[in-house]
Structure formats: structure tokens, C-alpha cells
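Visitor: A predicted structure for the sequence below; I have some questions about it.
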Amino acid sequence: MTVPKEAIQGLATAVRGTVTGPGDAGYDEARAVYNGMIDRRPALVVRCADVADVIAAVRFARANGLAVAVRGGGHNGAGLGTCDDGLVIDLGALRGVRVDPAERTVTVEGGATLGDLDHATHAFGLAVPGGIISTTGVGGLTLGGGIGHLTRGYGLTIDNLIGADVVLADGSFVRADATHDEDLFWALRGGGGNFGVVTSFTFRAQPVSTVVAGPILWQLDDAPEVMRFYREFIGGAPRELGGFFAFLTVPPGPPFPEELHLKKMCGIVWTYNGSPEGAERALKPVRDFKAAALDGVMPLPFPAWNGAFDALYPRGQQQYWRADFVNELSDDAIAVHVEHAAKLPTWQSTMHLYPIDGAASDPGKTDTPWAYRDARWAEVIFAVDPDPGNAELIRRWTVDYWDASHPFSAGGAYVNFMMDEGQDRVRATYRDNYGRLAAIKRTYDPDNFFHVNQNIQPAQESGRQAA
Ligand SMILES: Cc1cc2nc3c(=O)[nH]c(=O)nc-3n(C[C@H](O)[C@H](O)[C@H](O)COP(=O)(O)OP(=O)(O)OC[C@H]3O[C@@H](n4cnc5c(N)ncnc54)[C@H](O)[C@@H]3O)c2cc1C
């Protein structure tokens, strides 16, 4: 759809942020997202300066029949922060964070990164559990769930969400929390970007300051033994201890010892939220189990730890994703993992198993849309390379690995680790919660105006969803 020039000029005058379209200076930068495999050409990118700009952008898109993509941090693997021919609402300039240390809450604007949030809360000895890379957007990560270093102790990011400001599909504005628009508040805790543009999130912050963290790595040949140890150990470990399993290639630079550079290995990446003595005790069974090739666990300020992997995954590289939830790690499943780990196609490619236990398993399956509270792990296969010429290589490895390991999975996947995989995968992910999400979608977004996301289609009538 072609939007008249005068209308675009009117929008540019009405907003305090910028409006960029094809042919404008900075268009290629404005349309780019984190995953270099995504190459979409929106009609307009509105980089919003405030909530009023968001409202203006929603109304403009609606009036001109434009599809809308909402961009928080722009990290989404499937490229859901952009679209072809539509209007991108880019929240990247809305990064303010305000901590209330007395109440132990923090309010974050919708385009902030995890690094912005960590930086602000750390000054008060607080943190909100998020992900493992600090350049990730708080927006998309939170709306999909939020798994990271502190999940075993403090739950998913959504378990710490206590309110959100939302611009709805008709351009109106609401505050959703436990006593206002409660259904919407429920849906926002895992239902993705389906329900509106969240201009700010309010979280309960948790006491976190210096953590004792780092990887412990073993040889790839030891992987079956390490995985069997890990499956038995992690569920019973103290909640202060987070630890995700990884297949990886040792990065070719410091702080890793030269003799390990570019070696394929397996490991567990630990985070202990407590004293060095407590960490020593919690990790003793790990260290007793088997001598490691590298033990990189050390005290670190939480923001430094949360940013420790940022440089390994810079913006603009090719990325391909596949994911599953996993209930058990049988010996047969382990054999499949080991076979594919031996073929990691590039040094940045990896497979992680994030535990969904401890505090993440406290809420019931219907307390939030996040239906896999009973899974043991969220598995992600993530292939990365800077060279577009390797796009097919990394896609093929990821898909082959997933095809082989999926039969051992629990069915659905964590929405934030998926590519654009269609409705069946979205439904598998939300399980019995899909119907309630679809009904809430009908109330708040009956025309599916917000559809550039892991889409929940509005229910057609009570209890029925669109096919
Ligand atoms: C290197 C890397 C590491 C990662 N590590 C983790 C991890 O440790 N844990 C984890 O849970 N996930 C992780 N992820 C996945 C991450 O959660 C998703 O990519 C998520 O979608 C990123 O959010 P974003 O705001 O950056 O993305 P965007 O691409 O901006 O948005 C993603 C989706 O969320 C919607 N959205 C974003 N912000 C808003 C908002 N304010 N209001 C309404 N809708 C919004 C968008 O419309 C889109 O549908 C990682 C991703 C990458 C690339």
C-alpha cells in the first residue's frame, strides 16, 4: 500500500521522534535488526521519542492500512521487530529506567535492553532476572517469558512483572496489572507482542549484586557422562545456583587459554547468587564429579556477568534458531545430542539446555500463558556466523539437529527461541492456554492488527479460534 507523501509529512510533524522511509538517509540502518539473515523493507520506520509518538504511529498505521511491527531490542531471531511494506514502531530510543529502592521495584521503558536494566538496578544491589546477553531487549524477552542466569532462584522474567503500560490496537492507553485489565496482564506474561505496544514494564527487583559465575568445561568426549551428571544434579541443586548445559566451541581469544582455542567442548555455565563460600559448597559435587578442562567460575558484578557474552554475538551476523521443551534427557537423547554437537558448523554455534525448575516451576501451568512449567529444560539450537555465504550451512545443521532431537522433546518450544515456524508450533507452545489467549486477543485486538509476532489469532466467538 502506498501512503500519500503529505500523510507521511503529517506524521513526521506530529511526532518528536524520526520517520524514515525508503530513499531517506539512514533507511538501511533504520530497517536493520540484530539477525543479519533478515532483510525486510518496511514502508516507514517510526523511531518513537515518547508514548505520544507510539499512539500517533498506531493511529497512523491503522488509518493508512499499514501492517505494524513493533521493535524493542530488535534481537528476535525470526525478525519479528520488522516487516516488509508496513510500519515499524521502533522503541529503541525509549530506554529510561527508574528504580524505587524502598519498594524494590523498577520501571523500564519498552525499548530498554537488559544492560540498561542491569546498570540501573545494580546501583541498589538489585536485579531483575532476564537473559544471558545484555544487548537483548527487555520488551520481547519479557513478553515471551524470559529465561536466564537467575531463573532457578527468582523465576522467569514474567514472574517478576507487576504491571505494564500498553498502547492498544485502537491507539488507546491502559495500565495492566493485578487489579486493572487483569486478563490483559495475564496475557502479557508470555503471550508475546500480540496485545499491544508495551511502553513500560514495572518489575519486582531481587537482591543480586556480586555473583560467583562462569563456565566449567569438559572435553567433548566426556559429554555423555557430563550430560548424565547434569540431568541428575541440577534439579536438586540449591536455587541460588543457576547452571545451563552447553555444547560450544571455545572462542579464539582471551580469557580462554590458547590450547583450548577453537576446540569443540561441552560445559555448564554457572551462576551462584551468594557468597564465594556458598558457591564453593554448591559446586563441590560438580568439581568432585570429574576434573574439568577449564574452571572459569569467579566473583563478578552481575551486570559484568550478564554482558560477558555480548562480544561473542555482535549485531548483524547470520543466525538460525530451533527450540524445544524437554522433559527428560534419556541416554538415547544424549547420543543424538553428542552426534550433532560433534558437527557444530561454526565456532559461534551452540546448543543450550536451560533448566525450568526451582522458582520457574512454582507457578501453575495456567497462572501465566507460559504453559511448560512442568518441563525440565528449554532447549535451544542456535547457529551463528558472520558470513552470509554460510547461511545455508548453519540453517541445515540447525534443522538436522532439531529433526533428530525433536522426537525426544515435550512438544512445544519457548517462543523467544523460535523462528517463524507457523501456527502449529505456536499452539503447541501455549497448549491449553491458547484458547484463553485467543479470547483475550479478540477483546483487545479483534482485527489482529498486531500480527507480526508468534501470532495468536483472535477467537471468532467464545471458545473458538480462527483456523
Ligand atoms: C544473542 C541472543 C541471546 C538471547 N538470550 C536469551 C536468553 O538468555 N533468554 C531469553 O529468554 N531469551 C534470549 N534471547 C531471545 C530473546 O528473548 C528474543 O529474541 C526476544 O524476542 C528479544 O526481544 P527484543 O525486544 O530484543 O526483540 P524484538 O525483535 O524487538 O521483538 C521481538 C518480539 O517482541 C515484540 N516486542 C518487543 N518489544 C515490545 C514491546 N515493548 N511491546 C510490544 N511488543 C514488543 C515484537 O513485536 C516482536 O514480536 C536471546 C536472543 C539473542 C539474539
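Guide: Ah, there it is.
Visitor: ends of stretch 185-202, how far apart?
Guide: Stretch 185-202 has an end-to-end distance of 12 Å (criterion: Cα to Cα, to the nearest Å).
Visitor: what residues does the stretch 201-350 of the chain put near the ligand?
Guide: residue 313 (Cβ under 6 Å from any ligand atom). (C-beta placed from N, C-alpha, C; glycine too.)
Visitor: so which residues of the stretch 201-350 of the chain form strands?
Guide: Shown for the stretch 201-350 of the chain, the strands assigned by DSSP state E, counting those that start in this stretch span residues 206-207, 210-219, 241-249, 264-272, 294-295, 298-301, 318-326, 350-355.
Visitor: quick one: strands adjacent to the first one?
Guide: Paired with strand 206-207 in the same sheet, following DSSP bridges, are strand 126-127 (antiparallel).
Visitor: ditto for the third one
Guide: As defined by DSSP bridges, the strand partners of strand 241-249 come to strand 264-272 (antiparallel), strand 350-355 (antiparallel).
Visitor: now the strands of the stretch 201-350 of the chain as CSV including mean pLDDT, mean neighbour count and distance to residue 407?
Guide: Shown next, in CSV, are the strands of the stretch 201-350 of the chain (pLDDT from 0 to 100; neighbours: other Cβ atoms under 10 Å; distance: least, Cβ to Cβ, whole Å):
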stretch, mean pLDDT, mean neighbour count, distance to residue 407
strand 206-207, 98, 16, 37
strand 210-219, 98, 21, 26
strand 241-249, 98, 24, 19
strand 264-272, 98, 24, 22
strand 294-295, 98, 18, 33
strand 298-301, 98, 14, 39
strand 318-326, 98, 25, 10
strand 350-355, 98, 23, 16
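Visitor: can I get the ones you listed in JSON lines with distance to residue 116?
Guide: Below are those laid out as JSON lines (distance: least, Cβ to Cβ, whole Å):
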{"stretch": "strand 206-207", "distance to residue 116": "17"}
{"stretch": "strand 210-219", "distance to residue 116": "19"}
{"stretch": "strand 241-249", "distance to residue 116": "22"}
{"stretch": "strand 264-272", "distance to residue 116": "20"}
{"stretch": "strand 294-295", "distance to residue 116": "31"}
{"stretch": "strand 298-301", "distance to residue 116": "15"}
{"stretch": "strand 318-326", "distance to residue 116": "22"}
{"stretch": "strand 350-355", "distance to residue 116": "23"}
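Visitor: for residue 85, find the nearest of those.
Guide: strand 318-326 (23.4 Å; Cβ to Cβ).
Visitor: tell me what that closest one is packed against?
Guide: Contact here means 3 or more Cβ pairs under 8 Å, 6 or more residues apart in numbering; DSSP states H and E; on that basis strand 318-326 packs against strand 377-385, helix 391-405.
Visitor: most neighbours per residue, which of the ones you listed?
Guide: When you average the neighbours per residue for each of the helices and strands packed on strand 318-326 (mean count of other Cβ atoms under 10 Å), strand 377-385 leads with a mean of 24.
Visitor: sheet partners, orientation included, of it?
Guide: Taking DSSP bridges as the criterion, strand 377-385 pairs within the sheet with strand 318-326 (antiparallel), strand 350-355 (antiparallel).
Visitor: hmm, who's touching the last one?
Guide: Where contact means Cβ atoms under 8 Å, 6 or more residues apart in numbering, the residues beyond strand 350-355 that reach it are 147-148, 151-152, 230, 234-235, 242-249, 326, 329, 337, 340-341, 344, 376-384, 401.
Visitor: mind listing the helices for this structure?
Guide: Remark: helices assigned in the chain by DSSP state H are 5-14, 27-31, 51-63, 114-122, 138-144, 151-154, 182-188, 223-233, 276-289, 302-306, 331-341, 391-405, 423-430, 434-444.
Visitor: enumerate every residue touching the nearest residue to residue 330 once chain neighbours are set aside.
Guide: Computed as Cβ to Cβ, 6 or more residues apart in numbering, the closest residue to residue 330 that is not its neighbour in sequence is residue 408, at 6.5 Å. Residues near residue 408 by Cβ under 8 Å, 6+ apart: 326, 328-330, 332-333, 336.
Visitor: can you give me the pLDDT of residue 408?
Guide: With respect to pLDDT, residue 408 scores 98.
Visitor: same question, residue 25
Guide: The per-residue pLDDT reported for residue 25 equals 96.
Visitor: how deep is it tucked in, by neighbour count?
Guide: 8 (other Cβ atoms under 10 Å).
Visitor: gap between it and residue 434?
Guide: Per Cβ to Cβ, to the nearest Å, residue 25 is found 44 Å from residue 434.
Visitor: state the distance from the residue nearest to residue 20 when sequence neighbours are not counted to residue 42.
Guide: Nearest non-adjacent residue to residue 20, counting by Cβ to Cβ, 6+ apart: residue 30, 4.3 Å away. Counting by Cβ to Cβ, the separation of residue 30 from residue 42 is 8 Å.
Visitor: list residues touching both of these two?
Guide: residue 88.
Visitor: who has more neighbours, the two?
Guide: Legend: neighbour count by other Cβ under 10 Å for residue 30 and residue 42, higher for residue 42 (25 against 22).
Visitor: right, and that one touches residue 90 too?
Guide: No - the pair formed by residue 42 and residue 90 falls short of the contact definition of Cβ atoms under 8 Å, at 9.6 Å.
Visitor: still on that earlier bit, turn the helices of the chain into CSV, including distance to residue 365.
Guide: Listed next are the helices of the chain as CSV, based on distance: least, Cβ to Cβ, whole Å:
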stretch, distance to residue 365
helix 5-14, 43
helix 27-31, 38
helix 51-63, 32
helix 114-122, 26
helix 138-144, 17
helix 151-154, 17
helix 182-188, 13
helix 223-233, 22
helix 276-289, 29
helix 302-306, 29
helix 331-341, 23
helix 391-405, 23
helix 423-430, 10
helix 434-444, 12
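Visitor: just those helices: most buried one?
Guide: Buried most deeply of the helices of the chain, by mean count of other Cβ under 10 Å, is helix 138-144, with a mean of 29.
Visitor: counting by contacts, list what that one packs against.
Guide: Other helices and strands packing on helix 138-144, by 3+ Cβ pairs under 8 Å, 6+ apart, are helix 114-122, strand 197-204.
Visitor: how about a markdown table for those, with mean pLDDT added?
Guide: As requested, the helices and strands packed on helix 138-144 are exported to a markdown table (pLDDT from 0 to 100):
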| stretch | mean pLDDT |
| --- | --- |
| helix 114-122 | 98 |
| strand 197-204 | 98 |
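Visitor: among the ones you listed, which is nearest residue 419?
Guide: With Cβ to Cβ as the measure, helix 114-122 is the member of these nearest residue 419 (21.5 Å).
Visitor: hmm, who's touching that closest one?
Guide: Identification of contacts with helix 114-122 by Cβ under 8 Å, 6+ apart yields 95, 97-99, 106, 108, 127-128, 130-131, 133-138, 141, 205, 209, 301-303, 306-307, 310.
Visitor: hang on, the earlier thing: need the strands paired with strand 377-385 in CSV with distance to residue 179, can you?
Guide: CSV is the format used below for the strands paired with strand 377-385 (distance: least, Cβ to Cβ, whole Å):
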stretch, distance to residue 179
strand 318-326, 32
strand 350-355, 32
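Visitor: returning to that earlier point: what's the separation between the residue nearest to residue 20 and the ligand?
Guide: Counting by Cβ to the nearest ligand atom, to the nearest Å, the gap from residue 30 to the ligand is 13 Å.
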